[in-house]
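predicted model, plus sequence, below.
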Amino acid sequence: MKLTSGLVAAEVKGSIGWLIWDNQSKMNALSPSMYPDALSVIEAYEADPAVKVVVMRGAGTRAFISGADISSFEKTRSDAAAAEAARKVPEQLRLAMLNMAKPLIAMIRGYCLGGGMGMALNADIRFASSDSQFSVPAAHRGVAYAPEGLKQLVDVVGPSVAKDIMFSARRLKADEALRVGLVNRVVEPEELEQVTVEYAEILAANAPLSIRASKYFINQLGLEKAERNEVRMVAMQKEAANSEDFKEATRSFMEKRRPVFQGR
């Protein structure tokens, strides 16, 4: 992969691929040049069979992503037409994250605001430090938040909590974010990376075809029945049932050992 912004980093450690938002002088705020790089990272990890799980994080300890880089707004949001054009690559990235077959975990420390919270919602699972804070300040910025992003928020926390977050633009501390279901787990800051890695390694050791099917099925169940790809879901069930991994799971159970899955 070729990264050009200098604000996005990628690193593979074992079976975990890391996507790192690294704009620390602006608390990892998202500038337009970061989206194409992040898209390249996600596409590379999706294509790499050695990567089983993807984790995204912010560089440093102050922020996951503090929002969009407001200094870019004069150019990218000067009017409705400019804003629509500027949303093209971010939307490609959002869809790539949502549709990738592999699990995506957001490891959140510090500020997770605006576009940062939107980015975190692209993940399947969110782990946060106890000092993290969450907000969508659209009501403070005069912004009509995109319906696609709002649907993701509603799907995670429900309509009433989503309205509270959007109407008030207030910040939620980590304990409230956990209570309303915005994050899956909250741990002390110094434990966050270890806990996240240990969990990611559990997923990496499980059957890839099973995880891929579960992710796809759960996403499909969020659609109206007429919009679901029932044919593909049936095919994925058959693929898993006929797989070597299914046979390996049976053998390992009988032999009282841990299974070694190959994703086929």
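Nice, I can see it. Residues are numbered from 1 along each chain as shown.

can we go C-alpha only for contacts and neighbour counts from here?
Noted.

from Pro90, how far out is Val41?
From Val41 over to Pro90 the distance is 13 Å, taken as C-alpha to C-alpha, to the nearest Å.

neighbour count: those two, which is higher?
Val41 (25 against 17; other C-alpha atoms under 10 Å).

I figured that one hits Ala10, correct?
Yes: judged on C-alpha atoms under 8 Å, Val41 makes contact with Ala10 at a distance of 6.7 Å.

between the two, what contacts are shared?
Leu19 (C-alpha atoms under 8 Å, 6 or more residues apart in numbering).

if you average pLDDT over the helix or strand where Ala10 lies, what comes out?
Element membership for Ala10 (DSSP states H and E) is strand 8-13. For strand 8-13, mean pLDDT is 97.

who are the packing partners of it?
With contacts taken as 3 or more C-alpha pairs under 8 Å, 6 or more residues apart in numbering; DSSP states H and E, strand 8-13 sits against strand 16-21, helix 34-47.

mind doing that once more with 10 Å?
Secondary-structure packing of strand 8-13 (3 or more C-alpha pairs under 10 Å, 6 or more residues apart in numbering; DSSP states H and E): strand 16-21, helix 34-47, strand 53-58.

right, so of these, which gets closest to Glu198?
strand 16-21 (10.6 Å; C-alpha to C-alpha).

partners of that closest one, with directions?
Sheet neighbours of strand 16-21, with direction, are listed as strand 8-13 (antiparallel), strand 53-58 (parallel) (DSSP bridges).

after the last one, which helix or strand is next?
Past strand 53-58, heading to the C-terminal end, the next element that is a helix or strand (DSSP H and E) is strand 63-65.

flag every buried residue along stretch 219-236.
Gln220, Met233, Met236 (16 or more other C-alpha atoms under 10 Å).

how far away is the closest residue to Val136 other than its chain neighbours from Arg62?
Computed as C-alpha to C-alpha, 6 or more residues apart in numbering, the closest residue to Val136 that is not its neighbour in sequence is Gly114, at 4.2 Å. With distances taken as C-alpha to C-alpha, Gly114 is found 15 Å from Arg62.

same check on Cys112?
The spacing between Cys112 and Arg62, counted by C-alpha to C-alpha, is 10 Å.

these two: which is more packed in?
It is Cys112, of Cys112 and Arg62, that has more neighbours when counted by other C-alpha under 10 Å, with 30 against 18.

doesn't the more buried one fall inside a helix?
No: judged by DSSP: H, G, I helix; E, B strand; the rest coil, Cys112 forms no part of a helix; its state is strand.

now do it against Ala128, distance only.
10 Å.

what do these two both touch?
Shared contacts of Cys112 and Ala128, defined by C-alpha atoms under 10 Å, 6 or more residues apart in numbering, comprise Phe64.

what residues are up against Arg212?
Contact partners of Arg212, counting by C-alpha under 10 Å, 6+ apart, are Met100, Ala101, Lys102, Pro103, Met236, Ala240, Gly263.

ok, Lys13 touching Leu19?
No: with contact defined as C-alpha atoms under 10 Å, Lys13 does not count as touching Leu19 (11.4 Å).

which one's more surrounded, these two?
Neighbour count, other C-alpha under 10 Å: between Lys13 and Leu19, Leu19 has more, with 25 against 9.

excluding its backbone neighbours, what's nearest that one?
Leu19's closest residue in space is Met56 (C-alpha to C-alpha, 6+ apart), at 4.5 Å.

the one you found: neighbour count?
Burial of Met56 is recorded as 23 neighbouring residues (other C-alpha under 10 Å).

what's opposite it in the beta bridge?
With DSSP bridges as the rule, Met56 is bridged to Leu19, Ala106.

okay, now the domains of the chain?
In terms of domains, the chain is parsed into 8-203, 207-254 (source: automatic domain parsing).

return the most buried member of these.
Highest mean neighbour count of the domains of the chain: domain 8-203, a mean of 18 (counted as mean count of other C-alpha atoms under 10 Å).
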